[in-house]
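A.B. asks: I'll drop the sequence and a predicted model, then ask my questions.
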Amino acid sequence: MNKVKLALPTESQIAWQNLDLGIFCHFGINTFCNQEWGDGNDSPQLFNPMELDARQWVTLAKDAGFKYFILTAKHHDGFCLWPTETTEYSVKSSPWKDGKGDVVRECADACREEGMHFGIYLSPWDRHEPCYHDKEAYDDFYCQQLTELMTQYGQMIEVWFDGAGSEDRVYNWERMIGIIKTYQPNTMIFNMGQPTIRWVGNEEGVAPYPCWNTNSAAKISMFSNETVDWLPETPEWLPAECDVPIRKLQWFWHPNSEINLRSLDELMNIYYHSVGHGTNLLLNISPDNRGLIPKPDAERLIEFGNEIRRRFSSPLGRTSGCGRELLLTLEKETSINHIVLMEEIRFGERVREFELEAFVDNEWISIALGTAMGHRYILQIPKIKSSKLRLKIKESVKNPIVKEFSCYYVETLEDV
Ligand code: FUL
């Protein structure tokens with residue numbers, strides 16, 4: 001094991017992983033057509049979000065504890081939310097603000113003012129643009145759009161490349177990535193080209209365990225159902241992001257679909273399976289046709305943020321350290337039902353196998369076995385009473401470095 005070459009993250013990847021929670025925001029011509037995938041023929045005249053308030057979107061995200069915000073600047077229908085020079089199919093041709101508005105600008109400004117990182121989604125697949133069928137002409141067109149977005153809206157935390165619709169298409173990734181590297185060298189590149197972060201493989205907000213921070217699964221097609229072994233041994237560090245909509249199966253707003261809003265329990269379950277498995281969670285919210293996040297979604301998002309804080313803001317005890325064994329001692333015997341483990345990932349994912357023990361009734365008992373620890377692993381365990389926990393690292397590459405070993409007691413309905 002000691003000869004293994006460890007994959008290591010860049011500073012930008014570490015910074016991005018430390019954000020943990022991002023908001024995805026799908027908004028566009030579809031919002032006005034009760035549809036998910038426009039064919040590029042919907043009239044820009046339909047786009048008129050009379051009450052649009054990007055500040056409402058962003059402050060909501062912030063109050064709920066989210067740290068970055070990604071807006072769909074252009075979805076598959078080709079309609080652009082900024083007044084691009086590349087096409088007339090944009091906000092420029094809409095009645096909204098007499099064609100003088102710019103949703104990307106309003107959102108980027110709100111993010112900057114609120115201290116929220118901002119990023120964009122720019123669909124490569126474009127069902128409106130007539131030159132889409134001419135590969136070279138479209139590469140020029142797309143590169144110009146990308147350049148506008150990378151140069152006019154401040155710093156980008158992430159550029160989201162969606163593989164949908166592009167299964168048989170080859171784009172000029174070298175040029176596209178060149179643009180990003182020139183203007184936004186620290187941004188994360190999602191999923192395509194030369195990705196620095198990868199898709200987790202589903203739209204349910206669920207990462208497998210273990211979910212190693214490597215590129216072992218990056219080569220599979222975005223929509224294949226293949227299962228792959230996620231291996232820790234690849235030369236490249238490539239953390240995963242779990243994207244999932246807050247209303248089931250819909251990225252854009254649709255009228256009368258509150259029934260699809262996920263419950264708090266469902267969201268917490270997603271949290272345990274995404275952030276709790278060491279990935280970032282990108283949770284989608286959809287402004288409605290007024291240009292506002294609907295009240296039930298806004299309330300659910302705040303509830304979610306509050307519940308995360310309720311569960312994880314006050315550990316009963318916390319420690320860190322190097323080596324194969326770490327002891328966590330509490331002042332007195334206490335109920336425990338959650339454990340959080342984090343490695344110092346800048347040195348790679350060194351831990352490959354571990355066991356957790358608790359001192360209960362005068363003896364050490366095994367309470368959990370695991371493999372990856374990585375950026376974060378949240379374990380829910382059956383309630384125990386103990387004042388001492390022990391982490392034993394059974395297999396590692398080099399000396400394990402644990403950034404955090406902490407425990408919590410989360411009150412449940414039984415306690416009330
Ligand atoms: C998919 C798209 O086809 C959906 O419309 C949505 O944008 C989702 C995030 O990615 O590939």
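C.D. replies: Arrived safely. Predicted model, so just to flag it, every value in this text is computed and none were measured.
A.B. asks: and the spatially closest residue to Q56 that is not a sequence neighbour, what pLDDT?
C.D. replies: Excluding its sequence neighbours, the residue lying closest to Q56 (Cβ to Cβ, 6 or more residues apart in numbering) is L292, at 5.7 Å. Every C-beta, even on glycine, is put in place using the N, C-alpha and C of the backbone. Note on L292: pLDDT of 98.
A.B. asks: Was I right to think L292 contacts L52?
C.D. replies: Yes: in this structure L292 lies within contact range of L52 using Cβ atoms under 8 Å: 7.4 Å.
A.B. asks: Which helix or strand contains Q56?
C.D. replies: Element membership of Q56, judged by DSSP states H and E, is helix 54-63.
A.B. asks: wait, what's in contact with D140?
C.D. replies: By Cβ atoms under 8 Å, 6 or more residues apart in numbering, the contact set of D140 is empty.
A.B. asks: Check the gap between it and the ligand for me.
C.D. replies: As for D140, its distance to the ligand is 24 Å (criterion: Cβ to the nearest ligand atom, to the nearest Å).
A.B. asks: Find me the pLDDT at the closest residue to E325 other than its chain neighbours, would you?
C.D. replies: The shortest distance from E325 to any non-neighbouring residue, by Cβ to Cβ, 6+ apart, is to K392 (5.6 Å). K392 is assigned 98 on the pLDDT scale.
A.B. asks: sorry, back to before: dump the residue contacts of the residue nearest to Q56.
C.D. replies: L292 is in contact with 51-53, 56, counting by Cβ under 8 Å, 6+ apart.
A.B. asks: In a markdown table: the residues you listed, plus neighbour count, pLDDT and distance to the ligand.
C.D. replies: Below are those laid out as a markdown table (neighbours: other Cβ atoms under 10 Å; pLDDT from 0 to 100; distance: Cβ to the nearest ligand atom, whole Å):
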| residue | neighbour count | pLDDT | distance to the ligand |
| --- | --- | --- | --- |
| E51 | 11 | 98 | 24 |
| L52 | 21 | 98 | 20 |
| D53 | 16 | 98 | 23 |
| Q56 | 16 | 98 | 22 |
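A.B. asks: Nearest to D126, out of the residues you listed: which one, please.
C.D. replies: Among the contacts of L292, L52 lies closest to D126 (Cβ to Cβ), at 23.6 Å.
A.B. asks: and the closest residue to that closest one other than its chain neighbours, how many neighbours?
C.D. replies: Spatial nearest neighbour of L52, excluding adjacent residues (Cβ to Cβ, 6+ apart): G291 at 2.8 Å. Residues near G291, counting by other Cβ atoms under 10 Å, number 22.
A.B. asks: G291 contacts F32, correct?
C.D. replies: No: under the criterion of Cβ under 8 Å, G291 makes no contact with F32, lying 10.5 Å away.
A.B. asks: P294 and E258, how far apart?
C.D. replies: 7 Å (Cβ to Cβ, to the nearest Å).
A.B. asks: Looking at those two, which one has more neighbours?
C.D. replies: Shown here are P294 and E258; by other Cβ under 10 Å, P294 has more neighbours (19 against 13).
A.B. asks: Now the stretch 101-250 of the chain against the ligand: closest residue?
C.D. replies: Going by Cβ to the nearest ligand atom, the ligand is nearest to A164 of the stretch 101-250 of the chain, at 3.3 Å.
A.B. asks: now the nearest residue to that residue once chain neighbours are set aside: how far from D77?
C.D. replies: Leaving aside its chain neighbours, A164 sits nearest to W125 (6.3 Å; criterion: Cβ to Cβ, 6+ apart). Distance, W125 to D77, by Cβ to Cβ: 10 Å.
A.B. asks: D109 is in contact with V58, isn't it?
C.D. replies: No: the pair D109 / V58 is not scored as a contact, 9.2 Å apart, by Cβ under 8 Å.
A.B. asks: Neighbour count: these two, which is higher?
C.D. replies: Between D109 and V58, V58 has the larger neighbour count (other Cβ under 10 Å), namely 27 against 17.
A.B. asks: in the stretch 201-350 of the chain, which spans are helices?
C.D. replies: 264-273, 295-312 (DSSP state H, counting those that start in this stretch).
A.B. asks: Can you tell me which of those helices is nearest to the ligand?
C.D. replies: helix 264-273 (14.9 Å).
A.B. asks: Specify the beta-bridge partners of the residue lying closest to Y377 once chain neighbours are set aside.
C.D. replies: In this structure, Y377 finds its nearest non-sequential neighbour in L341, 4.7 Å apart by Cβ to Cβ, 6+ apart. Taking DSSP bridges as the rule, L341 bridges to Y377, F405.
A.B. asks: you'd agree L341 is up against L379?
C.D. replies: Yes: the criterion here is Cβ under 8 Å, and L341 meets it with L379 at 7.3 Å.
A.B. asks: For Q45, see how far away the closest residue to the ligand within the stretch 1-150 of the chain is.
C.D. replies: Using Cβ to the nearest ligand atom, the single residue of the stretch 1-150 of the chain nearest to the ligand is E36, 5.6 Å away. Using Cβ to Cβ, E36 is found at 21 Å from Q45.
A.B. asks: Which one of these two is surrounded by more residues?
C.D. replies: E36 (14 against 11).
A.B. asks: how about the closest residue to the more buried one other than its chain neighbours, phi and psi?
C.D. replies: Spatial nearest neighbour of E36, excluding adjacent residues (Cβ to Cβ, 6+ apart): F252 at 5.8 Å. Main-chain dihedrals, F252, degrees, to the nearest 10: phi -100, psi 160.
A.B. asks: So the residue nearest to A164: helix, strand or coil?
C.D. replies: coil (DSSP: H, G, I helix; E, B strand; the rest coil).
A.B. asks: What residues does the residue of the stretch 201-350 of the chain found nearest the ligand make contact with?
C.D. replies: At 4.4 Å from the ligand, W251 is the closest residue in the stretch 201-350 of the chain, using Cβ to the nearest ligand atom. With contact set as Cβ under 8 Å, 6+ apart, W251 has these partners: 24, 26, 36, 245, 284, 286.
A.B. asks: if we go to 7 Å?
C.D. replies: By Cβ atoms under 7 Å, 6 or more residues apart in numbering, the contact list for W251 reads 26, 36, 245, 284, 286.
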